[in-house]
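> What follows is a predicted structure for the sequence shown.
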Amino acid sequence: MGYFIFKGVSSRDYGVLEQSPMPPKSMQTQKTVVIPNRIEPLFEDSREFSPITINAVLGITDKSKIDGIYGWLHGEGDLIFSNDLGKFYKATCYSEIMPQYMSARFGKIPIKFLCKPFRYAVENEPITLTSAQTLNVGGSYPCEPVYKIYGSGNINFIVNGETLQIKDVSEHIVIDTNRLIAYKNDTVLVNKTVGQYPMLGVGDNSISWTGTVTKVEITKNERWL
């Protein structure tokens, strides 16, 4: 029998997962481009992917646990299913106890998770580089890593041949490609970079730099559709 973990708590603590969900695949959103005098429109993929909905049913045998279940099944958190414990969704949970699902002794709670499009690697510890090398990235879609670069002065940080210029580094700087910011000790650094923040592709990625750099810590944030 399967189970899920939400916000660090296993569904096995409260009951049995009676309906094992089949997670859908997120679709890339499209827009229609109408061209005058053309019979058919063109479809153009946007950068965004749509969120997905995952439904499940939790069967409970002890109604005294309902308050605890409702204290658990709300809000946002990481969602992991037992058939793939190495990946998690960023999810928001909705649940509702319906009278027609309640018997004298037992109950069923339909659960709805609204999830962001990607699954992410549970194991996501930073990898430390002290010299230029090739970094392998898993997943099924390019990821948005966090780079923590230790060094000083002006640095050229090069990923797959594309250069990000970083100016006036003092001790270290963090480049967050998801949030598109550079910061140090929680202070956002403005006008410190020139160029695109480099993502990492699936497979091998070349990482190098010029300037005074002692090490680079990379949190890959591998992800799957």
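Noted; the coordinates are in hand. No experiment lies behind these values; they were computed from the predicted model shown.

> Pull the residues that contact the longest strand anywhere in the chain.
Longest strand in the chain, counting residues (DSSP state E): strand 203-219. Contacts with strand 203-219, where a contact means Cβ atoms under 8 Å, 6 or more residues apart in numbering, come from 124-130, 132-137, 145-161. C-betas here are computed from N, CA, C, even on glycine.

> Can you select the buried ones among those residues for me in ChimeraX?
Applied in ChimeraX, the following selects the buried portion of the contacts of strand 203-219 according to 16 or more other Cβ atoms under 10 Å:
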select :129,135,137,145,146,147,148,149,150,151,155,157,158,159
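
> wait, isn't H74 in contact with C93?
Yes. Between H74 and C93 there is a contact under Cβ atoms under 8 Å: 6.0 Å.

> With neighbour numbers in mind, choose between the two.
Higher neighbour count among H74 and C93: C93, with 20 against 14, using other Cβ atoms under 10 Å.

> Name the helix or strand for the more buried one, please.
Counting by DSSP states H and E, the element that carries C93 is strand 87-95.

> Y120 bridge partners, please.
F88, R223 (DSSP bridges).

> give the contact list for Y3.
Applying Cβ under 8 Å, 6+ apart, the residues contacting Y3 are 10-12, 17, 81-82.

> Which residue in those has the weakest pLDDT?
For the contacts of Y3, the weakest pLDDT value sits at L17, with 85.

> Compute the number of surrounding residues for that residue.
21.

> That one contacts A56, doesn't it?
Yes. With contact defined as Cβ under 8 Å, L17 reaches A56; the gap is 6.2 Å.
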